[in-house]
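Asker: missing the sequence, but the structure's below:
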């Protein structure tokens, strides 16, 4: 089944490769020569650039690879013939999800290796920073899967909107002390939105050479929560 | 054995609620399809044919009652054994090629020697010429044949065909009939369900026909019953001396038609008896103009029941 799925995903994979090039060209950290920037800035810029770019690439990859993966089948009726064969829909979509995660992480790993080699001629940022990419890929993979199982269309767009909304909200919370919300409401909104703060905590811990297991587990749990909900919808919801 | 026991299906989504309540698509359907049976399902639009098929494939669940396929829940059966299914609206991703689609379905069906099997079904359904053509460019007939090809990929115990002749030309309708007949002949326990508006075709393919109306089984017609196999015949002879007497002698109980003195209704016990008595009649020098079975066509039986 995997070769068939890969063949079906070939255009999306090509788009992901293209996105990798765009990310490489667009990331200033990969084009600033340390000799031209103050040492302490360069030290921060390199891991910051590479880790967040990889995380964003993996997120974009996950959302793009999963866009409409359940919703389109339901809406267009492709499931009718497909699931008349001895196939469990949950296993089929589960495989597609895992394959997408593997491809997104593979794209991140390639970027981690080749972007550093191309920009700096050597590896300066260790592979541990891929953890951040993995967490965001699981978070947005879970969210996209949930929307795809629930809605007839718009799953990927909603995931992207949530991404920017969360960034906007965190900026607002950090920079506007006069938000018209009580601390409890703020905390509730931050809890419901994707755990960007937790992922940042993981990044900061990696910078200091450690791993923020609690934050990582929280982010992972958040993504898996939506993924399990998507799985329940696939299993128990009637087909149109 | 496929068994529907007092099955009720109501659709109660937001739209249904806005329209004033749930829509009852099936209203207490009880139906048994024994192994080796080809069951036709007929009825007007909205009678519940598609709902019945979706229940059988486990895509929806009954609101009340029970659906069983060989003692299992329908979804469990399909996920374990698969069903050879051709849907009414053949939906296959348009960017797939014919070959690619069959490869994908063969992978889902876990077909052994998939490449060879895909080649065989493409040859059988004569779509090898369009193997590399994308689904979006296939004619309706080719698309229907592709759907039939994927249904034939693996050996199954149950075949479900929803309007299978839609888009097929008369030659291919006849070929489809032989494909289904061959499929049944491979295993006499196989069950075929065919939902169709093409009653002539159903009459040729099905053993029994369930007539659905407003979500209920209005009538179950047995097309292979004694009446179907040994129907009465209409015999018409030339106006020659002694012809009427010969008919009465050779076909005891022959009834003369009103207003047509040389036409009779005769009821032989078997097709062999028809041949023997006809031979005797001819040997007596009677000129036979016509001998035709007076079987009510399915369309007449379905419409007759509706009146």
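Answerer: Good, I have the coordinates. Remember, predicted model here, so these are calculated numbers, not experimental data.

Asker: just give me the neighbour total for residue B:201.
Answerer: 20 (other C-beta atoms under 10 Å in any protein chain shown). Bear in mind the C-beta positions are built from the backbone N, C-alpha and C, glycine included.

Asker: who does the helix or strand hosting it touch, helix- and strand-wise?
Answerer: Using DSSP states H and E, residue B:201 maps to helix B:199-205. Applying 3 or more C-beta pairs under 8 Å, 6 or more residues apart in numbering or on different chains; DSSP states H and E, one finds that helix B:199-205 contacts strand B:38-42, helix B:170-186, strand B:191-195, helix B:298-306.

Asker: how about the ones you listed, which one is nearest residue A:208?
Answerer: Distance to residue A:208, taken as C-beta to C-beta, is lowest for strand B:191-195 among those, at 66.2 Å.

Asker: got the angle for the closest one vs strand B:38-42?
Answerer: 20 degrees (axes from the mean of the first three to the mean of the last three C-alpha atoms, to 10 degrees).

Asker: okay, now the sheet partners of strand B:191-195, with direction.
Answerer: Strands that pair with strand B:191-195, judged by DSSP bridges, come out as strand B:38-42 (parallel), strand B:158-162 (parallel).

Asker: right, and the helix or strand after the first one?
Answerer: This means strand B:38-42. Following strand B:38-42 in sequence order, the next helix or strand is helix B:49-56 (DSSP H and E).

Asker: tell me the angle of that following helix relative to strand B:191-195?
Answerer: Between the axes of helix B:49-56 and strand B:191-195, defined by the same axes, to 10 degrees, the angle is 150 degrees.

Asker: contact partners of stretch A:187-200?
Answerer: Taking C-beta atoms under 8 Å, 6 or more residues apart in numbering or on different chains as the criterion, the residues outside stretch A:187-200 that touch it are A:55, A:132, A:135-136, A:139-140, A:143, A:162-163, A:165-167, A:169-170, A:173, A:181, A:212, A:215-216, A:218-219, A:222.

Asker: now do the SS call for the residue of chain B positioned farthest from its centre.
Answerer: No residue in chain B has its C-alpha farther from the mean C-alpha position than residue B:241, which lies at 47.1 Å (C-alpha atoms, centre = their mean). The three-state assignment at residue B:241 reads coil, by DSSP: H, G, I helix; E, B strand; the rest coil.

Asker: skipping its backbone neighbours, what lies nearest residue 212 in space?
Answerer: Since no chain was named, I'll use chain A. Nearest residue to residue A:212, sequence neighbours excluded (C-beta to C-beta, 6 or more residues apart in numbering or on different chains): residue A:205, at 3.8 Å.

Asker: my bad, the chain I had in mind was chain B
Answerer: Closest residue to residue B:212 in three dimensions, ignoring its sequence neighbours and counting by C-beta to C-beta, 6+ apart: residue B:43, at 3.4 Å.

Asker: just checking, that neighbour touches residue B:209?
Answerer: No. Between residue B:43 and residue B:209 there is no contact under C-beta atoms under 8 Å: 10.0 Å.

Asker: mind checking which helix or strand residue B:29 is in?
Answerer: In the assignment (DSSP H and E), residue B:29 maps to strand B:23-33.

Asker: check which residues of that strand are buried.
Answerer: Along strand B:23-33, the positions that meet the burial threshold by neighbour count (16 or more other C-beta atoms under 10 Å in any protein chain shown) are B:23-27, B:29, B:31, B:33.

Asker: where do the helices sit along the chain?
Answerer: Since no chain was named, I'll use chain A. A:2-8, A:10-26, A:39-66, A:71-76, A:79-82, A:89-120, A:130-150, A:155-175, A:183-192, A:196-207, A:213-236 (DSSP state H).

Asker: meant chain B, my bad for not saying
Answerer: Using DSSP H, the helices of chain B run over B:14-18, B:49-56, B:74-81, B:98-108, B:114-124, B:140-151, B:170-186, B:199-205, B:226-229, B:243-250, B:271-283, B:298-306.

Asker: go through the ones you listed and find the least confident stretch.
Answerer: The weakest mean pLDDT among these belongs to helix B:226-229, with a mean of 59.

Asker: and for residue B:108, nearest residue in space, chain neighbours not counted?
Answerer: Using C-beta to C-beta, 6+ apart and skipping the chain neighbours, the partner closest in space to residue B:108 is residue A:85 (4.1 Å).

Asker: pretty sure the one you found is touching residue B:109, no?
Answerer: Yes. With contacts counted by C-beta under 8 Å, residue A:85 reaches residue B:109, the gap being 4.1 Å.

Asker: what is in contact with these two at once?
Answerer: Joint contacts of residue A:85 and residue B:109 (C-beta under 8 Å, 6+ apart) are B:82, B:153-154.

Asker: make a PyMOL selection of the buried ones in the contacts of stretch A:187-200.
Answerer: Provided next is the PyMOL selection string for whichever of the contacts of stretch A:187-200 are buried by 16+ other C-beta under 10 Å:
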select buried, chain A and resi 55+132+135+136+139+140+143+162+163+166+169+173+212+215+216+218+219+222
